[in-house]
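*Asks:* what follows is a predicted protein model with its sequence.
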Amino acid sequence: MSIVSLENVVVKFDSFVAVNGISLRVQAGEVLGVLGGNGAGKSTTMKVIAGVLKETSGDVIIDGLSTKSVNESERIKELTGYCPDVGGLIVGATPREHIQLLLNMHHRPEDYPLALSALTAVGLGDKIDSPTGGFSHGESRRLSVLLASLSSQKVLILDEPFDGVDPLGAEAIKSIIAFAKARGLAVLVCTHLQSLLVEVSDRVIIMRKGNILKMAEADYFRGEEGVRRYADIMRAAAAEASEVVFA
């Protein structure tokens, strides 16, 4: 069953087209990787699915709910855990305070012991009462990913979760993604780091300038051959764009 469904979604900022009529589906218990460079439209697409940004046209359906309905949009936000590419933490608040606030907002205070165990599992147990303003970028990323996973009921969206994260932190984030998949969530992971994305994903889409260039099983983009395939796709797209511009 498709938990996430996008049909011909367009996002415009004035005359600039950030997302150009894309369609995709993500099933329960599936991890969809979104790969592409800067300006590909990855983060904009994630914001639309998370309900943070409104699509200009097209249909966005999350667990049978439409973003076109105000009431259903609010419910979508309750079902979705979202880790943005930057920020997402309250300046000066500790991990304990972040967790307490999140669980109270979602009316799940009984999950507090489980959340504390998860904090320890991602290597932040010793910083439970430390203000996040003093965290490294990698520590902040780990906490943001964990908080998104704790708030997820149907959909987990992670935008650049591996950015600035050391190998141990990357392993912790991979375990969060694996656990979300095992829970039956629809998971979307967006990054420019091909090897890590392929490792955690079931399928991968390639985006460039707001378009989906290719969708394939993750294994298609694995290893040296996968790197070559990705490079070939991007080169071909760039060459085609040049032909249109300079024709």
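*Replies:* Nice, I can see it.
*Asks:* can you give me the strands in this structure?
*Replies:* With DSSP state E applied, the chain shows strands at 2-13, 16-27, 31-35, 57-62, 65-66, 80-83, 155-159, 186-191, 203-208, 211-217, listed in chain order.
*Asks:* which of those strands sits closest to residue 116?
*Replies:* For these, distance to residue 116 was read as Cβ to Cβ. The smallest value, 17.7 Å, belongs to strand 80-83. No exception for glycine: its C-beta is placed from N, CA and C like everyone else's.
*Asks:* which intervals of this structure have sub-threshold pLDDT?
*Replies:* Across the chain, residues meeting the criterion (pLDDT under 70) sit at 242-247.
*Asks:* could you pull up the residues touching the residue most central in space within the chain?
*Replies:* For the chain, residue 158 is the residue whose C-alpha lies nearest the centre (Cα atoms, centre = their mean; 2.5 Å). With Cβ atoms under 8 Å, 6 or more residues apart in numbering as the criterion, the residues that contact residue 158 are 83, 145, 148, 173, 177, 187, 188, 189, 190.
*Asks:* what is the most widely separated pair among those residues?
*Replies:* 173 and 188 (14.0 Å).
*Asks:* re earlier: residue 43: which of the strands of the chain is closest?
*Replies:* With respect to residue 43, and counting by Cβ to Cβ, the nearest of the strands of the chain is strand 155-159 at 5.5 Å.
*Asks:* excluding its backbone neighbours, what's nearest residue 241?
*Replies:* The shortest distance from residue 241 to any residue other than its chain neighbours is 7.6 Å, reached at residue 209 (Cβ to Cβ, 6 or more residues apart in numbering).
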